[in-house]
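Peer 1: I'd like to go over a predicted model; first the sequence, then the structure.
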Amino acid sequence: MISIIGAGAWGTALALAARRAGNDVTLWAYEADIVAAINDAHENTLYLPGVALDPAIRATGDLAEAATADALLLAAPAQHMRTTIAPLAGHLPPPTPLIVCAKGIEQETLALMSEAVAAIFPQNPVFILSGPTFAADVAAGRPTAVTLAGSDLAAAQVLADRLSSDRFRPYSGDDVIGAQIGGAIKNVLAIACGIAEGRGFGDNARAALVTRGLAELTRLCLAKGGRPETMMGLSGLGDLVLTCTSMQSRNYSLGLALGAGRTLVEILGERHSVAEGVYTASAAVALAAKLGIEMPIATAVDAVLNKGADISVVIEALLARPLRAEAD
């Protein structure tokens, strides 16, 4: 049995993908009404309305019950991951693999998700599932490819096989750090691209932001010990392109609204779902400073989101940066 911890749109879509791959699936939700809706109406009416769930997918509000599975997919929001899974400390058998499906960097600790999970479960193998994935597309069974990374490549391949179907294709890898950097930082860059679109800057500007953003996340990947080739794969460039070019992206659409003149408070007040880039921006900038690298686009986004900076002033400062060699 596979359990998914977290019944937001992404966790629910993962439950469908795991079920299509032939697994028995339990979906843990914090909210009792979501548990009831999934079990009685076979629909997550709050986070993924209108999508029919396989009746064999069973929801529970009991975290300990969900943890009896032989593999756990952790799909709680990044900033709440540690507190969500902490009650299971000391109760999981050491062989149980933990597959992190959230994308972000902890604000308080600057930890990657693998580091946060390993701090609670040092005996359990931790894997990363990341890549260009919109929950609605995965839930609808549209073709999707992802990265599933673990330090043990053979074990990652076994898990990839368990989750694979003709519509959901996990490619195994062993760069745990790199697989996370792309997924975390692309959310911040998507906000930048959305702001540019909201200001009417056009496709040239977006292409420049994506390309220079790729340089930034590669710089961070290397500084954290990841490999540059991972940034050219599904969890790097693949996720970056998807998130920076579609209104399905919560982060891109948030940036577009900001660029059009709306306030962050207004935008967030209308949403049930989490735009992880809002929280990752400050963590990414702090982590970059700690590692001694520059991330000017992420810094600009952080200034707008978290420091009250005027968007026009930030844009002008970014465009006025000294020219440099592209390879630097």
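Peer 2: Received it, and whenever you're ready, just let me know what you need.
Peer 1: how about the strands of the stretch 51-200 of the chain, start to end?
Peer 2: Assigned by DSSP state E, counting those that start in this stretch, the stretch 51-200 of the chain shows strands spanning 58-60, 71-74, 98-100, 126-130, 144-150, 168-173.
Peer 1: identify the residues contacting Phe121.
Peer 2: Contact analysis of Phe121 by CB atoms under 8 Å, 6 or more residues apart in numbering lists Ile85, Leu88, Ala89, Leu92, Leu98. Heads up, the C-betas are built off the backbone N, CA and C, glycines and all.
Peer 1: who's in contact with the fourth one?
Peer 2: Put plainly, it is Leu92. Contact partners of Leu92, counting by CB under 8 Å, 6+ apart, are Ala67, Leu72, Leu98, Phe121, Asn124.
Peer 1: now Ile105
Peer 2: Per CB under 8 Å, 6+ apart, neighbours of Ile105: Ala78, Ala111, Leu112, Met113, Ala184, Thr280, Ala283, Ala284, Leu287.
Peer 1: can you check Asp161 too?
Peer 2: Not one residue lies near Asp161 by CB under 8 Å, 6+ apart.
Peer 1: buried ones in stretch 255-270, by neighbour count?
Peer 2: Gly255, Leu256, Ala257, Leu258, Gly259, Leu264, Ile267 (16 or more other CB atoms under 10 Å).
Peer 1: look up the closest residue to the third one, ignoring the ones flanking it.
Peer 2: Right, Ala257. Once flanking residues are discounted, Ala257 sits nearest to Ile267: 5.0 Å by CB to CB, 6 or more residues apart in numbering.
Peer 1: measure Ile191 to Gly255 for me?
Peer 2: 4 Å (CB to CB, to the nearest Å).
Peer 1: who touches both of these two?
Peer 2: By CB under 8 Å, 6+ apart, the residues touching both Ile191 and Gly255 are Val301.
Peer 1: surely the residue nearest to Ala257 touches Leu258?
Peer 2: Yes - assessed by CB atoms under 8 Å, Ile267 is found in contact with Leu258 at 7.0 Å.
Peer 1: give me the low-pLDDT residue ranges for the stretch 51-200 of the chain?
Peer 2: Judged against pLDDT under 70, the stretch 51-200 of the chain has no low-scoring part.
Peer 1: at 90 what do you get?
Peer 2: The stretch 51-200 of the chain contains residues with pLDDT under 90 at 90-91.
Peer 1: in it, which spans are helices?
Peer 2: Per DSSP state H, counting those that start in this stretch, the stretch 51-200 of the chain carries helices over the ranges 63-66, 81-85, 113-120, 135-139, 153-163, 176-198.
Peer 1: deepest of those helices, which one?
Peer 2: Among the helices of the stretch 51-200 of the chain, helix 176-198 has the highest mean neighbour count (mean count of other CB atoms under 10 Å), at a mean of 29.
Peer 1: tell me what it is packed against?
Peer 2: helix 113-120, strand 126-130, strand 144-150, helix 203-224, helix 239-243, helix 250-259, helix 276-291, helix 296-306 (3 or more CB pairs under 8 Å, 6 or more residues apart in numbering; DSSP states H and E).
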